[in-house]
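Asks: only geometry, no sequence info:
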DNA sequence: CGGCAAACCTGCGAGC
DNA sequence: TGCTCGCAGGTTTGCC
């Protein structure tokens, strides 16, 4: 489900409900996510106040009073929902429930159980194995065209798979890589180290733009993603290429009669969507 | 080291 | 209706 914009949307949705509130009860109904939830999680979180919610790439960070944090990854299908008043009857795949002072309950639901919930000391979150190897935040000051150029110059794999590598840039996933490459006019098949400097500049801009626009739209709702409030994100309506195989290219308007319009190919086992005419 | 397929797990839509 | 197949927003592992 979630790439950087979806996780940021979740963070913003949970922030007003959780920040400053004390956790009254934690209930873990299933511990066997991608990594098992440690058995001490309930005891270590109950009674603690939540100081702030952060995000690093696709990881949500819950910072507690007292120097402990919870590192959360939503995997492919993880989501949070907020309930006011009495906690609801648990639904299928509701794995973790947090009841906070004031009456709200936040429920983590994850059908595929690729998600993670890992406690860590706040001071050590950046160096935690989950986060230590991540590349720069694409919307942060450590990411620009120069940094990206240096990364791509030593990569011989296709630009598409290179951008999915979280050590190159942190937070991009399949959707936003496809969309950024379209905006930059770069073929997903092109070797990363052969993308020209001017195109890398456009790519860095395209990455920042598409992520910023997607966050503003509340992320993309394909099947699972919801904002914690229950609202859908709506950036999926603005996809230029993702999941649009066979449609006309929104830029050059080419279609089946010319180059085939938006094409779907498979790279490293994942779908790539692009316009072979506009993207070189 | 690099790159790719498979694995992890469940659900859904398409096609028969 | 009901089965099977392929596919899905992520990450890690293991093999060549």
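Replies: The structure has been received and is ready for your questions. Bear in mind the structure is a predicted one, so any value in this text is a computation, not a measurement.
Asks: drop to CA atoms for contacts and neighbour counts, all remaining ones
Replies: Noted.
Asks: Tell me the residues of the stretch 151-280 of chain A that contact DNA strand C?
Replies: Contact residues, the stretch 151-280 of chain A versus DNA strand C (C-alpha under 7 Å from any atom of the strand): A:166, A:171-175, A:219-225, A:270-271.
Asks: switch the cut-off to 6 Å
Replies: Contact residues, the stretch 151-280 of chain A versus DNA strand C (C-alpha under 6 Å from any atom of the strand): A:172, A:173, A:174, A:175, A:220, A:221, A:222, A:223, A:224, A:225, A:270, A:271.
Asks: could you pull out the helices for the stretch 101-250 of chain A?
Replies: Taking DSSP state H, counting those that start in this stretch as the criterion, the stretch 101-250 of chain A contains helices spanning A:129-132, A:145-153, A:159-164, A:174-184, A:197-216.
Asks: Residue A:278 is nearest to which of those helices?
Replies: Closest approach to residue A:278 among these is made by helix A:174-184 (7.7 Å; C-alpha to C-alpha).
Asks: What is that closest one packed up against?
Replies: helix A:159-164, helix A:197-216, strand A:270-275 (3 or more C-alpha pairs under 8 Å, 6 or more residues apart in numbering; DSSP states H and E).
Asks: closest to residue A:147 out of those?
Replies: Among the helices and strands packed on helix A:174-184, the nearest to residue A:147 by C-alpha to C-alpha is helix A:197-216 (9.3 Å).
Asks: The closest residue to DNA strand C within the stretch 51-200 of chain A: neighbouring residues, count only.
Replies: The nearest approach of the stretch 51-200 of chain A to DNA strand C comes at residue A:173, 3.0 Å away (C-alpha to the nearest atom of the strand). Using other C-alpha atoms under 10 Å, residue A:173 has 20 neighbouring residues.
Asks: try residue A:123
Replies: For residue A:123, the neighbour count with other C-alpha under 10 Å is 11.
Asks: Residue A:70 is in contact with that one, correct?
Replies: No - assessed by C-alpha atoms under 8 Å, residue A:123 is found out of contact with residue A:70, at 11.8 Å.
Asks: Find the nearest non-adjacent residue to the closest residue to DNA strand B within the stretch 51-200 of chain A, please.
Replies: The stretch 51-200 of chain A approaches DNA strand B most closely through residue A:157 (3.3 Å), counting by C-alpha to the nearest atom of the strand. Leaving aside its sequence neighbours, residue A:157 sits nearest to residue A:191 (C-alpha to C-alpha, 6 or more residues apart in numbering; 5.4 Å).
Asks: Just list the residues touching the one you found, thanks.
Replies: Counting by C-alpha atoms under 8 Å, 6 or more residues apart in numbering, residue A:191 touches A:155, A:156, A:157, A:158, A:159.
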